[in-house]
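Enquirer: Structure for this input, please:
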Amino acid sequence: MHATRSRTRWLLPALVAVAWLALGGFSGPFAGKLSEVAVNDSTAFLPSSAEATKVAEQVKAFGDARGLPAVVVAERASGLTQADRDYLGGRDFPGEASPVIPSPRDDQAAQVVVAVDPGDPAGAVEDIRAKVADPPDGLTVLVTGPAAQVADLKEAFGGIDGLLLLVAGAVVALILVLVYRSPLLPLVVLLSGVFALGLASLAVYLLADGDVIDLNGQSQGILFILVFGAATDYALLLVSRFREELRDTEDRYQAMRVAWRATVEPIAASAGTVVLGVLCLLFSDLNSNKGLGPVAAIGIGAALLASVTFLPAVLVLLGRSAFWPLRPKLGSPHPEASGLWARVARMISARPRATWVLTAVVLLAGVAFVPQLKASGTAQSDVFLTEVDSVAGQEVLSRHFPGGSGAPTVVLARAGQAEAVTRAAADVDGVSDVRPAGEASGLVRLDVVLDDPADSEAAITTVQRLRDAVRAVPDADAKVGGPTATQLDTQTTSERDRLVIIPIVLLVIFLVLALLLRSLLAPLLLIATVVLSFAATMGVAALVFNGLFDFPGADPVVPLFGFVFLVALGIDYNIFLMTRVREESAELGTRAGVLRGLTITGGVITSAGVVLAATFSALAVLPILFLAQIAFIVAFGVLLDTFVVRSLLVPALAVDVGKRIWWPSRLARGRD
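Expert: Below you'll find the model as predicted:
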């Protein structure tokens, strides 16, 4: 009977592996289909309560069929010829096109405003660019405006399906080969991540296609990176414990049983913490942030599922062969006991207070530079890190026309106060022209052309002044919308989200840690260390963004996303460490338990941190300012948390505090 059971023990893991292979074959192609359901138009992300959203709804009463503006601008330094004007006016553009509008400043430029279908601006812009691809010699023709910016964003995000996955996969594979010095094990871990990504992509595709959640290019890129990074982190923890048990147990099934039971709790707690952390984004007023919450949560859930089912099934089937050529032999010594981390543990044991105080001082030095972080917003044209036509076209437009040409700000007011509102708007500094654009449902529409480009910070400031001016007109009930107002409302909402969501994330993580560690003091200390690490990271980011990369600034959502990911992921490593410390402290006492926990987990957690930092760094291959900044913040922050906070600050603090760190659980009253 025992022999029969031994022969059939492989059946369950084999069935699990086959089931994942079938699921992976079905769900894998959906990773390439996510771009089909992603929306990159920022106007769709504002809440219904925003003033720009209300204007967008009310303006439909005017029968406005002009759609989203694309501006075709032509320039010849020596002056436009009649042939140039004929060429520009003779194109058959896809949408309602204005007449050729000459520059009011000189005879070197002209423009045509084309209202394209807002349902597919990228396709329309591609068609327009094809129609002006063969201008007369010496004539520069570019397509800019809000529609062109959407099209260029879509093209920039086009590398998500291929380049981003290729870079992330290659980086993870290289690190895993260096960590394990095995050709087979990295393939198994990567396959686990690929299957997790396929499952997550399938779920996100179905939900986005059914309009249950919002997906954009930023969320899509973060999903890919997050799934790969999390799946690899969880795999490293399980593989490390399995290898540890194989040195003490001959039976690979028993070794996996012990390893799985020992790691499933910290892995599940880690995943749960990240899931709850990112779901706090549901409290955001921006639909783009709300969409990222469930998208990231689905990705983490898929990584967890693959890591605790597919990965252990394949590892137990392979047994010691998974680690070839360095197979762990029964009775062989544990290398963790005499390596680098054993020396670090001895150093902390000798001077715990000096270690954590000095480490905290170093982190505080980074915090001192946080006020230099410029996160009040950037122009839409600044989001691109490479040259694109919409930005080049806007520069041409600004040289020869008022900057807001082609993308006017819209003012709606009661028709009886049209003249008063017009005068108030025209008197605002930064307004170039105010044009009546019709009446409907008792409202008058005014199109306001700004001096500065519609996506610039100067234009946003003008819209703030414009709102103050028209609201002051009695009985006008004036509202201001349009592209610039949309950007202003997005920035304002992002700043509100930051103030609301950060405290909620901290509370949620505290509750999770308190339940996991059966303590109230330990969670407070752990959260304090991670927040300190985050603040130091933002200080360093300010120095790097301003001095090294010369970035124009950052969107207000960058600190929020950085906080959510760094705090949630930083707590991950503290969970991995402190759950093992608690396990060891129950047998050895707190001081010895902390040092042994650090010694055993140091290598695997550091490897996990390097992998996660490397995968997030892959976001920088996409030429988008927001993603490049998030890539640096998360990558640097994870490395800082891995090598400094979790390796030095937390264990030294735990040793110094002693058994009181477990208060009010029984461990606080045990031996030390």
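Enquirer: tell me the mean pLDDT over stretch 540-552?
Expert: Stretch 540-552 shows a mean pLDDT of 89.
Enquirer: Can you mark which positions in the strand or helix carrying Ala542 are buried?
Expert: Using DSSP states H and E, Ala542 sits within helix 521-543. By neighbour count on 16 or more other CB atoms under 10 Å, the buried set for helix 521-543 is 521-523, 525-527, 529-542. Yep, even glycine has a C-beta here, placed from its N, CA and C like the rest.
Enquirer: List the buried residues in whatever helix or strand comes next after that helix.
Expert: Helices and strands here follow DSSP H and E; after helix 521-543, the next one along the chain is helix 557-588. Neighbour counts over helix 557-588 (16+ other CB under 10 Å) mark 557-585, 588 as buried.
Enquirer: Tell me the gap between the helix holding Ala542 and the middle of its chain.
Expert: From the chain centre to the centre of helix 521-543 is a distance of 19 Å (CA atoms, centre = their mean, to the nearest Å).
Enquirer: quick one: that helix to helix 557-588, angle?
Expert: For helix 521-543 against helix 557-588, the angle by axes from the mean of the first three to the mean of the last three CA atoms, to 10 degrees is 140 degrees.
Enquirer: What average pLDDT does the helix or strand containing Ser219 get?
Expert: If you go by DSSP H and E, Ser219 is part of helix 217-246. Helix 217-246 shows a mean pLDDT of 84 in the predicted model.
Enquirer: quick check: angle from that helix to helix 557-588?
Expert: Going by the same axes, to 10 degrees, helix 217-246 makes 10 degrees with helix 557-588.
Enquirer: Downstream of helix 217-246, the next helix or strand is which one?
Expert: Following helix 217-246 toward the C-terminus (DSSP H and E): helix 252-279.
Enquirer: by contact count, what packs against that following helix?
Expert: helix 217-246, helix 287-308, helix 310-318, helix 483-517, helix 557-588 (3 or more CB pairs under 8 Å, 6 or more residues apart in numbering; DSSP states H and E).
Enquirer: Just the buried residues of it, please?
Expert: Result for helix 252-279 [16+ other CB under 10 Å]: buried residues 252, 255-256, 258-260, 262-264, 266-279.
Enquirer: Pick the most deeply packed of the helices and strands packed on helix 252-279.
Expert: Mean neighbours per residue, mean count of other CB atoms under 10 Å, is largest over the helices and strands packed on helix 252-279 for helix 217-246, with a mean of 26.
Enquirer: now it, how far from the chain's geometric center?
Expert: Worked out by CA atoms, centre = their mean, helix 217-246 lies 17 Å from the chain centre.
Enquirer: Ok, stretch 122-133 next?
Expert: 30 Å.
Enquirer: what do you get for stretch 279-294?
Expert: Put simply, stretch 279-294 sits 12 Å off its chain's centre (CA atoms, centre = their mean).
Enquirer: repeat for stretch 581-592
Expert: Distance of stretch 581-592 from the chain centroid (CA atoms, centre = their mean) equals 37 Å.
Enquirer: Pull the residues that contact that stretch.
Expert: For stretch 581-592, contacts defined as CB atoms under 8 Å, 6 or more residues apart in numbering pick out 262, 349, 517-518, 593-594, 596-598, 600, 651, 654-655, 658-659, 661-662, 667, 670-672.
Enquirer: Give me the buried entries from these.
Expert: In the contacts of stretch 581-592, the ones that pass as buried (16+ other CB under 10 Å) are 262, 349, 517, 593-594, 596-598, 600, 651, 654-655, 659, 661-662, 667.
Enquirer: Beyond the helix or strand hosting Ala613, next helix or strand please.
Expert: Following DSSP H and E, the helix or strand that holds Ala613 is helix 590-617. As assigned by DSSP H and E, the chain's next helix or strand after helix 590-617 is helix 625-640.
Enquirer: so that next one versus helix 521-543, what angle?
Expert: Angle, helix 625-640 to helix 521-543, by the same axes, to 10 degrees: 130 degrees.
Enquirer: start at 8 instead
Expert: Understood, numbering begins at 8; the last thing we discussed is helix 632-647.
Enquirer: what is the mean pLDDT for helix 632-647?
Expert: Here the average pLDDT along helix 632-647 is 89.
Enquirer: Pull out the buried positions in stretch 476-484.
Expert: Here stretch 476-484 shows 476-478, 480, 483 as buried, counting by 16+ other CB under 10 Å.
Enquirer: again but with stretch 439-450, I slipped
Expert: 439-441, 444, 447, 450.
Enquirer: Could I get the helices and strands packed on helix 259-286 in CSV, plus columns for distance to Ala431?
Expert: Rendered in CSV, the data for the helices and strands packed on helix 259-286 read as follows (distance: least, CB to CB, whole Å):
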stretch, distance to Ala431
helix 224-253, 38
helix 294-315, 32
helix 317-325, 65
helix 490-524, 16
helix 564-595, 32
